[in-house]
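Enquirer: just need the structure, nothing else, for what follows:
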Amino acid sequence: MYTPRLPRLFGTLALCAACNLSAHAQEVKTVFVIAMENHNWTQPANQSTGGIQQIFQNPNAPFINSLVDGTAWAEIDGRTQHISEQVAYASAYHNVLATMNGSNPHIHPSEPNYIWAEAGNNFGVANDNDPFAANGPNNQNTTQHLVTLLTKAGKTWKSYQEDTELTPDANGKLTNVPLSPSQYTVPLSSISGTFTSGVNQFNGSAQYNYAAKHNPMVFFTDSNGGNDKSTSNPLASHYAPLQQFFSDLENNTVADYNWITPNQFNDMHTTLSAGYKGLTGDPAKILQGDDFLRQVIPVIMASKAYQDNGVIILWWDESETDGITGDNPDAFDHTVPEIIISKHAHKNENGIPYASPVNLSHSSDLKTMQEIFHVEPLLGDTVNVNDLSDLFQPGAIQK
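Expert: Residues are numbered from 1 along each chain as shown. Next up, the predicted model:
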């Protein structure tokens, strides 16, 4: 290809511009966070047996483990691709404020961790109440959280929540058919039950279960629009059911920052009432979530938004006890899963995805989001932690 010669006077300027363009091309542009639930990556006991099991090397999480052991392949854009080449993961990701011996503030259950992922602080929340619950509401009025900083910086964000915006039948019971976008609201209240028609496309069950506690943006007044469940809520456009996510992927209309929460069956939180593929209890929970990710991740990877400098972050909310008397999930011998998928991921080593030994937490994710989207000030605990740079190639995260 012919490249015209630039005048000597502008040579240095052109070279600098090319350098800046090259650096920009290496930066992560679009983020997809998939929020999963209530399992350790590694734990001292009951690693793949017993009632509370870890994810790493667990036979009930074959897809997740294939990602990190170098054996993950999937059909993407009509071609079989080696996904593991775009994977890196954390081997020392800990619960928020965890210490070597676990002598630290107890940031549990789920909801405080989701709020922390958005603001670097749980604001004293220590339960799973809905934001405007009749007793003990947990709505926060601060503007110091991620999506508000994104909005101020001209960046877009969206929360995709499975089992929201469901169409009622003639008797007012819910079906697995999403409402039209003009009828979307802000999903302020948790719901669960059984569809009167339709089944979940990922697990084949008629059960539904949306938990507001797993939707971090919905706990802040300036990103939930207040206690307004109507279609006129001005923030409703930032929330959509999971079905809309796949349409937005296809049309390349996803946001810069996308938070995706499966329902409480597909995120490993709760076992389906009939079990799953012959399993019950924790093995069923783990396989339910693993199957969800196996189906969803290739779809995201096939999208233009992912291929144009995107990253998928597989995020779990908190460490858990492993069922042994006296064990402490807030000590460093319990780690939390954290996996990234991106063409900018740290290069494989000897054909195996890179396992970062850097100590990380939810504050690290938040700090990294602020760096990716260039928004300040650093929020809450982010000033005290490492970011996720070790999981990426140099230049992907511009500090």
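Enquirer: please enumerate the helices of the stretch 101-250 of the chain.
Expert: Along the stretch 101-250 of the chain, the stretches classed as helices by DSSP state H, counting those that start in this stretch are 110-119, 146-152, 221-224, 242-251.
Enquirer: any chance of those helices in JSON lines, with mean neighbour count too?
Expert: Yep, even glycine has a C-beta here, placed from its N, CA and C like the rest. Rendered in JSON lines, the data for these read as follows (neighbours: other C-beta atoms under 10 Å):
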{"stretch": "helix 110-119", "mean neighbour count": "26"}
{"stretch": "helix 146-152", "mean neighbour count": "20"}
{"stretch": "helix 221-224", "mean neighbour count": "20"}
{"stretch": "helix 242-251", "mean neighbour count": "17"}
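Enquirer: which of those sits closest to residue 86?
Expert: Ranking the helices of the stretch 101-250 of the chain by proximity to residue 86 (C-beta to C-beta) places helix 242-251 first, at 17.2 Å.
Enquirer: ok, whichever helix or strand comes after the closest one: who's next to it in the sheet?
Expert: With elements assigned by DSSP states H and E, the helix or strand that comes after helix 242-251 is strand 257-261. In the sheet containing strand 257-261, its partner strands are strand 30-36 (parallel), strand 157-161 (parallel), by DSSP bridges.
Enquirer: using PDB, write out every CA atom in strand 257-261.
Expert: As requested, C-alpha coordinates have been extracted for strand 257-261 and formatted as PDB (Å, rounded to 0.1, in the frame of the first residue of the first chain):
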ATOM      1  CA  TYR A 257     -19.900   0.200  30.900                       C
ATOM      2  CA  ASN A 258     -22.300  -2.700  31.100                       C
ATOM      3  CA  TRP A 259     -23.300  -4.500  34.300                       C
ATOM      4  CA  ILE A 260     -25.000  -7.900  33.700                       C
ATOM      5  CA  THR A 261     -26.600  -9.800  36.500                       C
END
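Enquirer: picking up where we left off before, closest one to residue 263 among the strands paired with strand 257-261?
Expert: Distances from residue 263 to each of these were compared by C-beta to C-beta, and the smallest falls on strand 157-161, at 8.3 Å.
Enquirer: rounded mean pLDDT for the closest one, please.
Expert: For strand 157-161, the per-residue pLDDT values average out at 98.
Enquirer: what's that strand in contact with?
Expert: Taking contacts as C-beta atoms under 8 Å, 6 or more residues apart in numbering, the residues outside strand 157-161 that touch it are 146-147, 150-151, 187, 210, 214-218, 238-242, 244-245, 248, 254-261.
Enquirer: picking that back up, adding distance to residue 194, write the strands paired with strand 257-261 out as JSON lines.
Expert: Putting these into JSON lines (distance: least, C-beta to C-beta, whole Å) gives the following:
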{"stretch": "strand 30-36", "distance to residue 194": "23"}
{"stretch": "strand 157-161", "distance to residue 194": "18"}
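Enquirer: make JSON lines out of the ones you listed and add mean neighbour count and distance to residue 291.
Expert: Output for these, formatted as JSON lines (neighbours: other C-beta atoms under 10 Å; distance: least, C-beta to C-beta, whole Å):
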{"stretch": "strand 30-36", "mean neighbour count": "24", "distance to residue 291": "12"}
{"stretch": "strand 157-161", "mean neighbour count": "24", "distance to residue 291": "18"}
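Enquirer: nearest to residue 319, out of the ones you listed?
Expert: Proximity to residue 319 (C-beta to C-beta) singles out strand 30-36 among the strands paired with strand 257-261, at 12.9 Å.
Enquirer: pull the CA atoms of stretch 205-220 into PDB?
Expert: Taking only C-alpha atoms (Å, rounded to 0.1, in the frame of the first residue of the first chain), the coordinates of stretch 205-220 have been written out as PDB:
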ATOM      1  CA  SER A 205     -36.800 -23.900  34.200                       C
ATOM      2  CA  ALA A 206     -40.000 -21.900  34.600                       C
ATOM      3  CA  GLN A 207     -38.600 -20.300  37.800                       C
ATOM      4  CA  TYR A 208     -37.600 -16.600  37.900                       C
ATOM      5  CA  ASN A 209     -35.800 -14.800  40.700                       C
ATOM      6  CA  TYR A 210     -34.500 -11.200  40.400                       C
ATOM      7  CA  ALA A 211     -32.700  -9.700  43.400                       C
ATOM      8  CA  ALA A 212     -32.200  -6.000  43.600                       C
ATOM      9  CA  LYS A 213     -29.300  -6.600  46.000                       C
ATOM     10  CA  HIS A 214     -27.300  -7.800  43.000                       C
ATOM     11  CA  ASN A 215     -27.900  -4.600  41.000                       C
ATOM     12  CA  PRO A 216     -25.500  -2.000  42.400                       C
ATOM     13  CA  MET A 217     -26.600   1.100  40.500                       C
ATOM     14  CA  VAL A 218     -30.100   0.800  41.900                       C
ATOM     15  CA  PHE A 219     -29.000   1.800  45.400                       C
ATOM     16  CA  PHE A 220     -28.100   5.400  44.600                       C
END
